[in-house]
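Undergrad: curious how this folds, go ahead:
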Amino acid sequence: MISVHNVTFAYDGTRVLDGISYVEKNPVITGLWGRNGVGKTTFMKLLAGHMKPSNGEIEIMGHQPYNNPEAQQYLCYMQEDHPFSEIWTVGDALRFYKYFNPNWNQALAEQLLDIFKLPVKRKTKKLSTGMKTALQLVIGLASQADITILDEPTNGLDASMRKKFYELLLESYDAFPRMIFVSTHHIEEIKPLLESIVVVHDGKLLLHEPMEEVREKGIWLTGESNQVNKLVANKKVLEESTMGSIKKVMIDDSLTDEWRELARISGLSLEKAQLQDYLLQLTESIKEVSA
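TA: Predicted structure coming up:
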């Protein structure tokens with residue numbers, strides 16, 4: 001479905017992406033995560049064919065996406081704050097994207113309009129941030145494009161609407177499996193839906209792993225300093241703090257029954273780190289090593 005081989009991209013001589021390789025052969029919901037300014041948006045725009053790599057190759061359904069109408073029929077890329085024409089109504093936007101998406105599901109589009117309470121005759125420029133986001137979601141899901149890329153798809157939505165979107169995303173995927181690429185800062189909320197995760201850091205692909213493995217990564221150990229130090233002596237420590245004789249550390253490892261037993265024997269408390277915290281500390285540790 002997607003093949004990226006040794007792709008680099010530079011703006012005015014400044015390298016933004018550096019030798020990224022990425023392959024996804026099967027329909028899957030994938031989360032894209034990274035700190036601000038690390039190349040996520042550039043990566044999505046390259047996949048969508050909005051820009052051409054400086055070096056390397058990208059294939060979408062066997063076609064190079066840049067300036068290629070054949071590839072575009074398989075793609076739907078909804079950017080954060082997507083640029084709609086100022087003269088369009090909501091209905092105009094749906095008609096435009098229906099024309100360019102051969103898998104378009106009109107019944108689903110109408111259902112989603114009702115769920116998100118989007119007025120068909122309202123100008124897109126008059127939509128609130130949340131309503132504009134909802135319109136982007138309607139188009140992204142109703143397109144049923146083989147490669148659907150959603151950039152920060154919950155921007156401006158309240159908690160209840162974000163939850164509803166996650167339900168709708170999963171229902172749409174189950175009904176019509178395809179590659180859905182979701183860039184989000186709400187990784188904790190969306191992780192139950194994800195089957196894999198891609199982490200971009202400083203222009204490189206840091207992780208591309210099954211979600212079932214990554215969601216178990218990151219362990220907090222707390223207890224007497226000497227006992228903690230013994231258990232983590234050969235482990236990568238991502239974060240640590242000490243108060244008196246008590247030490248708390250996050251290590252880059254998976255939570256297992258073996259760890260639970262080691263912690264019990266050593267008299268230490270053990271808990272799973274939140275995925276967001278784990279990814280932040282993982283990328284922070286790499287930044288410190290590079291400095």
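Undergrad: show me the contacts for residue 96.
TA: residue 88 (C-beta atoms under 8 Å, 6 or more residues apart in numbering). Heads up, the C-betas are built off the backbone N, CA and C, glycines and all.
Undergrad: helix/strand/coil for it?
TA: Under DSSP: H, G, I helix; E, B strand; the rest coil, residue 96 falls in the helix class.
Undergrad: and it, how close does it get to residue 258?
TA: Counting by C-beta to C-beta, to the nearest Å, the gap from residue 96 to residue 258 is 55 Å.
Undergrad: what do you get for residue 92?
TA: Distance from residue 92 to residue 258, by C-beta to C-beta: 59 Å.
Undergrad: ok, these two, which is more surrounded?
TA: residue 92 (16 against 9; other C-beta atoms under 10 Å).
Undergrad: residues contacting that one?
TA: Neighbour list for residue 92: 85, 124 [criterion: C-beta under 8 Å, 6+ apart].
Undergrad: just the helices from the stretch 51-200 of the chain, written as ranges.
TA: With helices called from DSSP state H, counting those that start in this stretch, the stretch 51-200 of the chain shows them at 69-72, 90-100, 106-115, 129-143, 159-175, 187-190.
Undergrad: SS state for residue 38?
TA: Three-state call for residue 38 (three-state DSSP): coil.
Undergrad: now do it, the pLDDT please.
TA: Looking at residue 38, its pLDDT is 85.
Undergrad: for residue 290, same thing?
TA: Value for residue 290, per-residue pLDDT: 49.
Undergrad: kindly report the same for residue 188.
TA: 89.
Undergrad: likewise for residue 287?
TA: Each residue has a pLDDT score; the one for residue 287 is 59.
Undergrad: ok, residue 184 next?
TA: pLDDT, residue 184: 87.
Undergrad: thought residue 33 was touching it, still the case?
TA: Yes. With contact defined as C-beta atoms under 8 Å, residue 184 reaches residue 33; the gap is 7.2 Å.
Undergrad: who has more neighbours out of those two?
TA: residue 33 (27 against 20).
Undergrad: and the more buried one, how far from residue 186?
TA: Distance, residue 33 to residue 186, by C-beta to C-beta: 10 Å.
Undergrad: again with residue 6
TA: 31 Å.
Undergrad: and for residue 198?
TA: According to C-beta to C-beta, residue 198 and residue 186 sit 16 Å apart.
Undergrad: please say which of these two ends up with more neighbours.
TA: Looking at residue 198 and residue 186 with other C-beta under 10 Å, you find the greater number of neighbours at residue 198, namely 22 against 18.
Undergrad: which residues does the more buried one bridge with?
TA: Residue 198 forms beta bridges with residue 32, residue 208, as assigned by DSSP bridges.
Undergrad: and it, how far is that from residue 174?
TA: According to C-beta to C-beta, residue 198 and residue 174 sit 22 Å apart.
Undergrad: got it, and residue 281?
TA: For residue 281, the distance to residue 174 - C-beta to C-beta - is 34 Å.
Undergrad: quick one, which of the two is more surrounded?
TA: Between residue 281 and residue 174, counting by other C-beta under 10 Å, residue 281 is the more crowded of the two (18 against 8).
Undergrad: distance between the strand or helix carrying that one and the chain's centre?
TA: Using DSSP states H and E, residue 281 maps to helix 275-290. Averaging C-alpha positions (C-alpha atoms, centre = their mean, to the nearest Å) puts helix 275-290 17 Å from its chain's average.
Undergrad: what's that helix packed up against?
TA: The elements that helix 275-290 packs onto, with contact taken as 3 or more C-beta pairs under 8 Å, 6 or more residues apart in numbering; DSSP states H and E, are helix 187-190, strand 196-201, strand 204-210, strand 217-224, strand 237-243, strand 246-254.
Undergrad: quick one: closest of these to residue 159.
TA: helix 187-190 (8.7 Å; C-beta to C-beta).
Undergrad: got the buried residues for that closest one?
TA: Neighbour-count burial for helix 187-190, with 16 or more other C-beta atoms under 10 Å as criterion, is recorded at 187, 189, 190.
Undergrad: between these, which sits nearest residue 220?
TA: Distance to residue 220, by C-beta to C-beta, is smallest for residue 187 among those, at 17.8 Å.
Undergrad: didn't residue 282 look like it was pressed against residue 250?
TA: No. The criterion here is C-beta under 8 Å, and residue 282 misses it with residue 250 at 9.5 Å.
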